[in-house]
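Visitor: Just to be clear, the model below is a prediction. Sequence and coordinates:
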Amino acid sequence: MISSTPGKVLGVGCDIVEVSRIRDSHERHGQHFLDKIYSEEEQEYCLNQAAPYPSLAARFAAKEAISKAFTTGIGEHFGWKSATISHGERREPLVQLHGRALKMLEEIGGRVVRISISHTVETAMAIALITD
């Protein structure tokens, strides 16, 4: 449920990625690339789409945007699998944090990570917002 009273914004991040970059990485590195970036659930969802690469790129951008909202970027404190992107009943994107990322959310007093993702055939983008 979306609250009519927004919480204090603790972090915001955005990212944009070319779909061809994700396709090229998958073609070059195969399953290793997918396993490094995406959970099994994310892979299953995306690879079952008629055009999987825009969906994969959108999740890639979402993970980057979330890491930027934490001000860490992808690296030691926030890895590719620190967040899983899924969908709610209304097809809205949902974020599930894992491990260190969940602890980081608690440390900054955050309660909610919201994302918005969009893609075309060529480009995917995401924005992430952390609130208390």
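Guide: Received, thanks.
Visitor: just the helices in the chain please.
Guide: With DSSP state H as the criterion, the chain has helices at 19-29, 31-37, 40-47, 52-69, 99-107.
Visitor: So for the longest one, mean pLDDT?
Guide: To tie it back to what came earlier, the one meant is helix 52-69. Mean pLDDT, computed over helix 52-69, is 98.
Visitor: helices or strands next to that helix in the packing?
Guide: When contacts are defined as 3 or more Cβ pairs under 8 Å, 6 or more residues apart in numbering; DSSP states H and E, helix 52-69 sits against strand 9-18, helix 19-29, helix 31-37, helix 40-47, strand 83-87, strand 93-97, strand 112-119, strand 123-131. Every residue, glycine included, has its C-beta placed from N, CA and C.
Visitor: Excluding chain neighbours, what is closest to Val9?
Guide: Spatially, and ignoring its direct neighbours in sequence, Val9 is nearest to Thr131 (5.8 Å; Cβ to Cβ, 6 or more residues apart in numbering).
Visitor: Distance check, the one you found against Lys8.
Guide: To Lys8, Thr131 is 6 Å away according to Cβ to Cβ, to the nearest Å.
Visitor: Repeat that for Leu102.
Guide: The gap separating Leu102 from Lys8 is 19 Å, by Cβ to Cβ.
Visitor: These two: who's more crowded?
Guide: Neighbour count, other Cβ atoms under 10 Å: between Leu102 and Lys8, Leu102 has more, with 15 against 9.
Visitor: ok, so what distance separates that one from Phe70?
Guide: For Leu102, the distance to Phe70 - Cβ to Cβ - is 11 Å.
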